[in-house]
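> Here's a sequence, model it:
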Amino acid sequence: MTTVPHGPWAGCPVAHGTDLTRLHGPDAIGDPHAVHARLRERYGAIAPVLVDGDVPAWLVLGYREIRRVLENPLQFRRDPRIRRAGEIAEEPPPVRPVGGPDGIREDGEAHRRLRAAVTDNLHAAAGRGIRRHVTHLAGRRIDAFADTGRADLVADFAADLPMLVLTRVLGLTENEGRVLAESCGQAAEGGPDAAAHDERIAGVLAALAARKRTEPGADLATGLITHHADLDEEETVRLLRSVLVTAHTATGNLLARVLEAVLTDPAVHSGLVGGELDITSVVEEVMWNSPPFAVLPARFATGDLELGERRIQEGDLLLLGLAAGNRDPLIRPDTGVSLAGNHAHLAFGAGPHECPGQNIALGIVETAVHVLLHRLPGLRLAVPAGDLTSTASAFASRLDGLPVEFDA
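Sure, this is the predicted structure:
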């Protein structure tokens, strides 16, 4: 083990590149929590890692360090075009197709203009009866399997419901929503087909924006087009894509994890059914323990600085370990203690890029759980809880399935 004297890992005790954790490739990650714990034990709050193409990066694991990065856009910017050694990086490292909670790469005034268009219209969408839409659409999904007595609540419910709701919110047709559902999941996962799915998404959304310019409606697409931010066509499509992909992926993952928590803990299940427990407290616990995105890309240092006892250089790439930060033993020494009512988790990010659609996401999840428990008496797991599996990458952990039985 040696201390690197210069370069992106200056001052960090790392071995040669083969000894570093790679956050890409089929064997990149197994149990994210175990990987993060191992990195924390070895390196502390900030660990050197490699991303796609063996690009060097810092993985920020400490809660306080993550909040400092998120809340200081003058020191840590979303825009990858940061000077290093007199050069401008024209393209970002290939870390992820989805950039983060609000999906806007710009910072400063450019970010405020774009974000205002998104937040104003998401607020309006949340006020147009989003929970009523969820109740109706969740009921339709349940109707498809209610007579069978069995279902997979990931494939048959959680994976599709957010897209059905977003189809209404954005102003898409049901057919367009079905076309986009698969592509959103593939784009969020990355991999060799991500670019093709991104193009497919962009094509559908460009057609939507063009249609709404001549056929406006009470929807997000129309709201963006007519907003005083005066978005051009490229900006409109990019913001629509950001809302669609991020919300679909994150909300689907969160809904699946909340249902898992309900069905694997009899006290939680009975408390919700009997009305003694508030669904909001269950969702908060899940967002602490299993945030929809385990790692959030990406920030770039605007100058040389110190963070978590590491020397960060101008232009360095930082990835934010939200799941690790939520389990930081310095702020959460006992992960078994209830966090009901504690909203300080990192699941929605923080700072100027904090997720602007979190109220819609929570409305979808909380309403969907209520509808499901009301519609399916005797709902129970069809397999032992220990048999449930997840597919984990460096950036997220997705529940593979949730087989259940109920009284048809």
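> switch to C-alpha atoms for all contacts and neighbour counts from now on
OK.
> Now Leu317: phi and psi?
Here is the backbone geometry of Leu317 (degrees, to the nearest 10): phi -90, psi 130.
> Wait, it touches Ala301, no?
Yes: between Leu317 and Ala301 there is a contact at 6.9 Å, judged by Cα atoms under 8 Å.
> And the strand or helix carrying Trp288, what does it pack against?
According to DSSP states H and E, Trp288 maps onto helix 279-289. When contacts are defined as 3 or more Cα pairs under 8 Å, 6 or more residues apart in numbering; DSSP states H and E, helix 279-289 packs onto helix 233-264, helix 322-326, helix 358-375.
> Go through these and pick out the most buried.
helix 322-326 (a mean of 29; mean count of other Cα atoms under 10 Å).
> and the gap between Ser390 and Val295?
16 Å (Cα to Cα, to the nearest Å).
> State the mean pLDDT of the helix holding Trp288.
Taken as a whole, helix 279-289 carries a mean pLDDT of 93.
> Using CSV, write out every CA atom in that helix.
Provided in CSV are the C-alpha atoms of helix 279-289 (Å, rounded to 0.1, in the frame of the first residue of the first chain):
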residue,chain,number,x,y,z
ILE,A,279,-47.6,4.7,6.2
THR,A,280,-45.5,7.8,6.1
SER,A,281,-43.3,6.5,8.9
VAL,A,282,-42.8,3.2,7.1
VAL,A,283,-41.7,5.1,3.9
GLU,A,284,-39.3,7.2,5.9
GLU,A,285,-37.6,4.1,7.3
VAL,A,286,-37.3,2.6,3.9
MET,A,287,-35.7,5.8,2.5
TRP,A,288,-33.1,5.7,5.3
ASN,A,289,-32.4,2.0,4.8
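> What pLDDT is listed against Ala324?
95.
> contacting residues around the residue nearest to Leu180 when sequence neighbours are not counted?
Setting aside the residues directly before and after it, Leu180 is nearest to Ile201 in space (Cα to Cα, 6 or more residues apart in numbering), at 6.2 Å. Counting by Cα atoms under 8 Å, 6 or more residues apart in numbering, Ile201 makes contact with Leu180, Ser183, Cys184, Arg241.
> Just want the angle from whichever strand or helix holds Ile201 to helix 233-264.
In this structure, Ile201 sits in helix 194-214 according to DSSP H and E. Using axes from the mean of the first three to the mean of the last three Cα atoms, to 10 degrees, one finds that helix 194-214 and helix 233-264 are set 110 degrees apart in direction.
> burial of Leu231, as a residue count?
17 (other Cα atoms under 10 Å).
> got the contact list for it?
Under the criterion of Cα under 8 Å, 6+ apart, the neighbours of Leu231 are Leu114, Leu224, Ile225.
> Looks like the last one contacts Arg211 (just checking).
No: under the criterion of Cα under 8 Å, Ile225 is not in contact with Arg211, lying 10.9 Å apart.
> coming back round to it: the helices and strands packed on helix 279-289 into CSV, with extra columns for distance to Asp31?
Converted to CSV, the helices and strands packed on helix 279-289 look like this (distance: least, Cα to Cα, whole Å):
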stretch, distance to Asp31
helix 233-264, 16
helix 322-326, 12
helix 358-375, 25
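> separation between the closest residue to Gln358 other than its chain neighbours and Leu296?
Sequence neighbours aside, Phe348 is the residue nearest to Gln358 in space, at 7.0 Å (criterion: Cα to Cα, 6+ apart). For Phe348, the distance to Leu296 equals 10 Å [Cα to Cα].
> who's more crowded, the two?
The residue with more neighbours, out of Phe348 and Leu296, is Leu296; 26 against 23, by other Cα under 10 Å.
> Now that one. Nearest residue, chain neighbours left out?
Nearest to Leu296 is Leu320, by Cα to Cα, 6+ apart, at 4.9 Å.
> who are the neighbours in contact with that neighbour?
Contact analysis of Leu320 by Cα under 8 Å, 6+ apart lists Leu59, Val60, Leu61, Ile66, Val295, Leu296, Pro297, Ala298.
> circling back to that earlier point, give me the distance from the helix holding Trp288 to the chain's centre.
The chain centroid and the centroid of helix 279-289 are separated by 15 Å under Cα atoms, centre = their mean, to the nearest Å.
> going on from it, what's the next piece of helix or strand?
Moving toward the C-terminus from helix 279-289, the next helix or strand (DSSP H and E) is strand 296-301.
> Let me see the mean pLDDT of that next one.
Averaged across strand 296-301, the pLDDT comes to 88.
> Mind listing residues that contact the helix or strand just after that strand?
Using DSSP H and E, the helix or strand that directly follows strand 296-301 along the chain is strand 305-307. Residues outside strand 305-307 that contact it (Cα under 8 Å, 6+ apart): Ile46, Glu65, Arg311, Ile312, Gln313, Glu314.
> Adjacent strands (with direction) for strand 305-307?
strand 310-312 (antiparallel) (DSSP bridges).
> Direction included, what does the helix or strand just after the strand it pairs with pair up with?
Next in sequence after strand 310-312, counting helices and strands by DSSP H and E, comes strand 317-320. Applying DSSP bridges, strand 317-320 is found paired with strand 55-60 (parallel), strand 296-301 (antiparallel).
> Quick check: mean pLDDT of the first one?
Computed over strand 55-60, the mean pLDDT rounds to 92.
> Mind listing what's buried along the following helix or strand past that strand?
Of the helices and strands lying after strand 55-60 in sequence (DSSP H and E), the nearest is helix 63-71. Along helix 63-71, these residues count as buried under the neighbour rule (16 or more other Cα atoms under 10 Å): Tyr63, Arg64, Glu65, Ile66, Arg67, Arg68, Val69, Leu70, Glu71.
> which of these lies closest to Ala382?
Ala382 lies nearest to Tyr63 out of those, by Cα to Cα, at 36.9 Å.
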